[in-house]
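Colleague: build me a model from this:
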Amino acid sequence: MTDPFAVPRVVRAPDFPAGLGWLHAPHAPHADGRALALPDLRGRITLLDFWTYGCINCLHVLPQVRELERRFPRELAVVGVHSGKFIAERETPRLARACARLGVTHPVVNDRQFRAWRAWAVRAWPTLALVDTRGYVVGVQAGELTAAQLAPVIERLIAEADANGTLVRAEPHVAASTSAPLPDAALRFPGKVAVSAPDARGVRRLAIADTGRHRVLIGRLDDRGATLTIEHAVGRGVATSATGDIFGPTPSGATRAQLAARADGPADRATFDGPQGLAFGTGAHADVLFVADAGNHAIRAVSRSTGAVRTLAGTGARLRTAADRAAGAMASPWDVAFAEVDGRATLFVAMAGTHQLWIVDPATGAASAHAGGRGEDLMDGPLLQALLAQPMGLATDGRTVWFADAESSAIRVADAAPNGAVRTLVGTGLFDFGDADGEGDAVRLQHPQAVAHAPDGRLLIADGYNDALKWLDPASRRVTTWRRGFHEPAGLAIGDGRALVADTGGHRIVSVGLLTGEDSEVAIR
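Modeller: A predicted model of the protein is given here:
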């Protein structure tokens, strides 16, 4: 295979176009309005990360870039070039909120008209480009490159620049404040919610993935759905990688015992990394809250009675190779749904990172693919031949699994039985999106991230990038907008006549009456 970073350097790197919005820019604007120009970075190795914040593959690259920034703080300059796929992603305030949520602190340019994208002849998200200390293109490569792959290239460029006297070591850039300051609120970017069945006293539990604070909250929800009394705050509240240094053991070398030693334990000592989907177990698993620990690429089990955490499946590292899969690795599990399927307890997983649905045995942790083949697209068919596109939300009744296929802006359905198929209810393709009610193929959504099954058989959709809740009738395929005014809602649960909404960008949980439509923010104490 040809090394994309071993080509002759004869092409000057295209500069950033004027007139674009910037975040975290380290300099005063130039005369032409640019907050940053490539000559400002001359003397340092520059890494350009072409990304879009809803893309799971782009999210996989971010921790690799952070590790490179940590390893080469004075020699490497990183600039994010955000060329948003979805219309909503091209709005600078939303981009600022996404950077705050994802921990991106290096300079980011909002390439909303794809001007830098075209200048660099980029064709896919993510794409990484390297520029040497003199401003020449070293190479451009699409895909999920790792820090371990890029570090030797950067080391070679540093040694070369040191030898020819062109390297200028500079202090690391410290991000200036953005237009999206983080609030002093009870929650920070909550991703998902789950409501339990009533216990013997009729009390329901509510669980919240407090994603931005890397913890899970479990508590009692009052009869009106207005107040949550916390019983367990699970997690230390800081992101801790289960497998430690990226340059350490390979993912396949990280055993479950190692993961448990680093991340499991009592509620106040266990750690999560960006937890997302939640599901309460029933029957023999009634004491368990299952958690999709997206950043640690694992499924965790939390005791509802004590808050103690154990790892059920996953190695803590992103699935990349066949060896990783054999070792039990996963890739960004984003949601979970628990059900009895033909009398057997089953945990369904929206495996966003591999564009599949998986099933996990809640007793043993044994995991296998349930739906989705090799590739990312919207294609119906038998379960393992169909193609999915970044599933991020699940609901099930034990016979049917409904899922929000975010990158195809679709709501789709898979049979729970292993000999079934995948069908699409609404959505027509990877680049067909918008905000239009109607029936069937006339409907347009924009990156939906959650779906909930209502008692009357309808589906409630969190249409994330349209900031709305919408109803879908599976029989007629009719979609109608119900409520607006949210901030990229990503989680839904239904219970006791109300919908509980994780309004991710609004840093709150909202309770909405199914019959009245009246809403109130859930107080947390």
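Colleague: neighbours of the residue lying closest to residue 115 once chain neighbours are set aside, just the number please.
Modeller: What sits nearest to residue 115 in space, not counting adjacent residues and going by CB to CB, 6 or more residues apart in numbering, is residue 17, at 4.3 Å. C-beta here means a position set from N, CA and C on the backbone, and glycine is covered the same way. For residue 17, the count of nearby residues is 15 (other CB atoms under 10 Å).
Colleague: shouldn't residue 17 be in contact with residue 120?
Modeller: No - if you go by CB atoms under 8 Å, residue 17 and residue 120 don't touch, sitting 11.1 Å apart.
Colleague: what's the pLDDT at the residue nearest to residue 115?
Modeller: Turning to residue 17, the model gives it a pLDDT of 94.
Colleague: now it: which helix or strand?
Modeller: Secondary structure here is read from DSSP states H and E; on that basis residue 17 sits in neither a helix nor a strand.
Colleague: ok, it - contacts?
Modeller: For residue 17, the contact set (CB atoms under 8 Å, 6 or more residues apart in numbering) comprises 34, 111, 115, 116, 119.
Colleague: export those residues to JSON lines and append columns for secondary structure and pLDDT.
Modeller: Shown next, in JSON lines, are the contacts of residue 17 (DSSP: H, G, I helix; E, B strand; the rest coil; pLDDT from 0 to 100):
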{"residue": "34", "secondary structure": "coil", "pLDDT": "86"}
{"residue": "111", "secondary structure": "coil", "pLDDT": "98"}
{"residue": "115", "secondary structure": "helix", "pLDDT": "98"}
{"residue": "116", "secondary structure": "helix", "pLDDT": "98"}
{"residue": "119", "secondary structure": "helix", "pLDDT": "97"}
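Colleague: filter these to the buried ones?
Modeller: When the contacts of residue 17 are checked for burial by 16 or more other CB atoms under 10 Å, the buried set is 34, 111, 115, 116.
Colleague: what's near enough to touch the residue lying closest to the last one once chain neighbours are set aside?
Modeller: Spatially, and ignoring its direct neighbours in sequence, residue 116 is nearest to residue 81 (5.1 Å; CB to CB, 6+ apart). Each residue near residue 81 by CB under 8 Å, 6+ apart is listed here: 48, 49, 50, 51, 108, 109, 111, 116, 117, 120.
Colleague: confirm that residue 81 sits in a strand.
Modeller: Yes - under DSSP: H, G, I helix; E, B strand; the rest coil, residue 81 falls within a strand.
Colleague: what distance do you get for it to residue 285?
Modeller: Separation of residue 81 from residue 285 (CB to CB, to the nearest Å): 45 Å.
Colleague: one more: residue 325?
Modeller: 25 Å.
Colleague: could you do residue 521 as well?
Modeller: 31 Å.
Colleague: what do you get for residue 210?
Modeller: 23 Å.
Colleague: and these two? Which one has more around it.
Modeller: residue 210 (25 against 17).
Colleague: is it true that that one touches residue 192?
Modeller: No - between residue 210 and residue 192 there is no contact under CB under 8 Å: 10.1 Å.
Colleague: what about stretch 280-295, how long is it end to end?
Modeller: End-to-end distance of stretch 280-295 (CA to CA, to the nearest Å): 20 Å.
Colleague: any low-confidence regions in the stretch 101-250 of the chain?
Modeller: 174-184, 239-250 (pLDDT under 70).
Colleague: go with 50
Modeller: 179, 242-250 (pLDDT under 50).
Colleague: quick one on the thing from earlier: out of the contacts of residue 17, who's nearest residue 372?
Modeller: residue 111 (30.5 Å; CB to CB).
Colleague: can you pull the contacts of the closest one?
Modeller: 17, 20, 50, 81, 82, 83, 84, 117.
Colleague: need the buried ones from these selected in ChimeraX.
Modeller: In ChimeraX, a selection of the buried entries from these looks like this (16+ other CB under 10 Å):
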select :20,50,81,82,83,84,117
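Colleague: which two in the contacts of residue 111 are spaced the farthest apart?
Modeller: 17 and 84 (15.3 Å).
Colleague: please state the backbone phi and psi of residue 325?
Modeller: Note on residue 325: its backbone torsions stand at phi -60, psi -40 [degrees, to the nearest 10].
Colleague: burial count for it?
Modeller: 17.
Colleague: strands of the stretch 101-250 of the chain, residue ranges please.
Modeller: Ranges of strands in the stretch 101-250 of the chain, per DSSP state E, counting those that start in this stretch, are 108-110, 127-131, 137-142, 193-195, 204-210, 215-221, 227-234.
Colleague: can you add distance to residue 314 and give the contacts of residue 111 back as a markdown table?
Modeller: Output for the contacts of residue 111, formatted as a markdown table (distance: CB to CB, whole Å):
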| residue | distance to residue 314 |
| --- | --- |
| 17 | 42 |
| 20 | 39 |
| 50 | 29 |
| 81 | 31 |
| 82 | 29 |
| 83 | 31 |
| 84 | 30 |
| 117 | 34 |
